[in-house]
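Engineer: can you look at this prediction? I've put the sequence above it.
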Amino acid sequence: MTDRLSDRFADQGEDPGRDRGSGSGRLLTGVAWAVLLLGLWLWGREVTDVRHGTSAPTTGDMAALGRPPGSVDLPPAAKPLQGARPQRLDIPDLGVQAPVVARGLDPRGALDPPPYDQPGVVGWYAAGAEPGAAGTALMVGHVDTETRPAVFYKISALEPGERVRVVRDDGRVAEFTVDDVEVLTRDAFDAHRAYGPRESGRAELRLITCGGTFDRTSRSYTANVVVSAYLTGTGP
């Protein structure tokens, strides 16, 4: 089975060897890890698909993507918290306050994003790490709909040093600091870069949405915007 999965990664241009984080902070290994990577890779390509009729290009401050941190003085990482389920995602600099719903994998093994009729909702990969716990917690949202911007319309404008807050069901607020914003193209999607931890032992967060330009032939976006952040404290 693992050999077949490796072959499929090679055929699809994937580096065998993408993150959904760790189950409650524990790293997935062996066949389970390989199967999950496959599903995540599929999602990384297919989440960019949009409903028939949508033709708007990606929006937001695309010039901000890949901007080097420069002289930004990033705070040290905080000790990971005990696991707790997320209830709301706040991005103060963008004016975002969004409810969070648990999501899983669809029958094809790809991550099932929030429904298109819920453009203001963020999806959290519930089989992965919980925000604030050790590992990489994954949150996904739409960039737009057929008629209007969606919850992650402006996340490409985030810059290193800006904050993301996750309200959890234990009453604590996990505060994350952005350390990187990238565009990963669909045809050369780096799953480990998108989903894997940047530093071992940290509590990390990824915010992911569509990016690049809209391809009218394939009716999909050409890339994903990936915001990376890490736990730097807690708040009220």
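Structural biologist: Sure, I can see it.
Engineer: which stretches in this protein count as strands?
Structural biologist: 86-91, 96-103, 122-125, 135-140, 163-168, 173-185, 203-215, 220-235 (DSSP state E).
Engineer: looking at the ones you listed, which is nearest to Pro76?
Structural biologist: Closest to Pro76 of the strands of the chain is strand 220-235 (CB to CB; 7.2 Å). For the C-beta atoms, the positions are set from N, CA and C on the backbone; glycine is no exception.
Engineer: what comes up buried for the closest one?
Structural biologist: 220-233 (16 or more other CB atoms under 10 Å).
Engineer: and stretch 187-200, by the same measure?
Structural biologist: 189-191, 193-197.
Engineer: could you do stretch 154-161 as well?
Structural biologist: Quick answer for stretch 154-161 (16+ other CB under 10 Å): 154-158, 160.
Engineer: need the residues you listed in TSV (columns: distance to Thr147 and pLDDT).
Structural biologist: Below are these laid out as TSV (distance: CB to CB, whole Å; pLDDT from 0 to 100):
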residue	distance to Thr147	pLDDT
Lys154	17	94
Ile155	20	95
Ser156	20	93
Ala157	21	94
Leu158	24	96
Pro160	33	96
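Engineer: so which of these is the closest to Arg216?
Structural biologist: Ser156 (21.1 Å).
Engineer: I figured the closest one was touching Val181, is that so?
Structural biologist: Yes: if you go by CB atoms under 8 Å, Ser156 and Val181 touch, sitting 6.5 Å apart.
Engineer: re earlier: could the strands of the chain be laid out in CSV, adding distance to Pro149?
Structural biologist: Below are the strands of the chain laid out as CSV (distance: least, CB to CB, whole Å):
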stretch, distance to Pro149
strand 86-91, 14
strand 96-103, 11
strand 122-125, 14
strand 135-140, 16
strand 163-168, 18
strand 173-185, 18
strand 203-215, 11
strand 220-235, 14
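Engineer: now those strands as CSV including mean pLDDT and distance to Ala78?
Structural biologist: Formatted as CSV, the strands of the chain follow (pLDDT from 0 to 100; distance: least, CB to CB, whole Å):
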stretch, mean pLDDT, distance to Ala78
strand 86-91, 98, 17
strand 96-103, 97, 20
strand 122-125, 95, 20
strand 135-140, 95, 14
strand 163-168, 98, 13
strand 173-185, 94, 8
strand 203-215, 89, 7
strand 220-235, 91, 5
